[in-house]
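Enquirer: I need the structure of the sequence given here:
(chains A and B)
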Amino acid sequence: KAGVTQTPRYLIKTRGQQVTLSCSPISGHRSVSWYQQTPGQGLQFLFEYFSETQRNKGNFPGRFSGRQFSNSRSEMNVSTLELGDSALYLCASSLEIAGGRNEQFFGPGTRLTVL
Amino acid sequence: KNEVEQSPQNLTAQEGEFITINCSYSVGISALHWLQQHPGGGIVSLFMLSSGKKKHGRLIATINIQEKHSSLHITASHPRDSAVYICAAVRLYQKVTFGIGTKLQVIP
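Expert: Just a heads-up that it's a prediction; the model follows:
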């Protein structure tokens, strides 16, 4: 079974631009979570989607948004990029069995550099 | 005070040593997740536990729900164990709060 895939793996943008990152979960997984990792702040939770609905959101400004499609693939969008948005963006998927472990499986990440 | 505190932040060990990484959390959780991140960014899930103890090979994870504390142990450490180890408090709907990570270097 294929793992979580993320595209693109690397991205360079300039301030003010917008960016869209994509995540394909493991087949059958319906929950997709997004995280930002920076050297200064470590890993931080962005949001989580389940069955096309955002169930939870971290403490990020409205410039960060996401969505999930009916096939569970998810995208996150960052508008009006700032230098501080340079980070590794990770997505993770989980099966979401009621009462189950719901272990998350991480993708390789997209490394975004904002110049 | 951070919701998830991890210690130590840096750890250097000689090959073969027994290693312990500690994680304390202040929030109610549904599970505690231990992750391993190698240089280059890839993250691997080691354990997800909500009570007791789990073992996989040379890795052991324990959690004490009453004390809100978890530990990750590595027995007979090896240079290939060198990585950053991160604990994460998992709450409802996968809302996750991460520790700062422990950078482990195992020297031959």
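Enquirer: so what's the nearest residue to B:Lys68 once chain neighbours are set aside bridging to?
Expert: The shortest distance from B:Lys68 to any residue that is not its chain neighbour, by Cβ to Cβ, 6 or more residues apart in numbering or on different chains, is 5.2 Å, and that residue is B:Tyr25. All C-beta atoms are positioned from the backbone trio N, CA, C, and that covers glycine. Under DSSP bridges, the beta-bridge partners of B:Tyr25 are B:Val4.
Enquirer: How many residues are close by B:Tyr25?
Expert: The tally of other residues near B:Tyr25 (other Cβ atoms under 10 Å in any protein chain shown) stands at 21.
Enquirer: Could you report the distance from it to B:Cys87?
Expert: Counting by Cβ to Cβ, to the nearest Å, the gap from B:Tyr25 to B:Cys87 is 8 Å.
Enquirer: picking up where we left off before, quick check: the gap between the residue nearest to B:Lys68 and chain A.
Expert: Here the criterion is Cβ to the nearest Cβ, to the nearest Å. By it, B:Tyr25 lies 14 Å from chain A.
Enquirer: Pretty sure B:Ala31 is one of the things that residue touches, is it not?
Expert: No. Contact status for B:Tyr25 versus B:Ala31: not in contact, 11.0 Å apart, counting by Cβ atoms under 8 Å.
Enquirer: for B:Gln9, phi and psi?
Expert: Backbone torsions for B:Gln9, taken as degrees, to the nearest 10, come to phi -80, psi -30.
Enquirer: ok, now which ones touch the residue nearest to B:Lys68?
Expert: Neighbour list for B:Tyr25: B:3-5, B:32, B:68-70, B:87, B:89, B:97 [criterion: Cβ atoms under 8 Å, 6 or more residues apart in numbering or on different chains].
Enquirer: now A:Ser31
Expert: Residues counted as contacts of A:Ser31 (Cβ under 8 Å, 6+ apart) are A:25, A:48-50, A:93-96, A:102, B:94.
Enquirer: pLDDT wise, what is it at?
Expert: For A:Ser31, the pLDDT comes out at 91.
Enquirer: cool, the one 3 residues further on as well?
Expert: The predicted structure scores A:Trp34 at 96 on the pLDDT scale.
Enquirer: Am I right that it is in a strand?
Expert: Yes. Assessed by DSSP: H, G, I helix; E, B strand; the rest coil, A:Trp34 belongs to a strand.
Enquirer: And A:His29, how far from chain B?
Expert: According to Cβ to the nearest Cβ, A:His29 and chain B sit 11 Å apart.
Enquirer: From B:Gly16, how far off is the nearest residue to that residue once chain neighbours are set aside?
Expert: The spatial neighbour of A:His29 that comes closest, neighbours along the chain excluded (Cβ to Cβ, 6+ apart), is A:Ser93 at 3.8 Å. With distances defined as Cβ to Cβ, the gap from A:Ser93 to B:Gly16 amounts to 37 Å.
Enquirer: the more surrounded of the two?
Expert: Neighbours around A:Ser93 and B:Gly16, counted as other Cβ under 10 Å, are more numerous at A:Ser93. The numbers are 26 against 11.
Enquirer: Report the residue spans of chain A with pLDDT below the cut-off.
Expert: Chain A contains residues with pLDDT under 70 at A:1, A:97-102.
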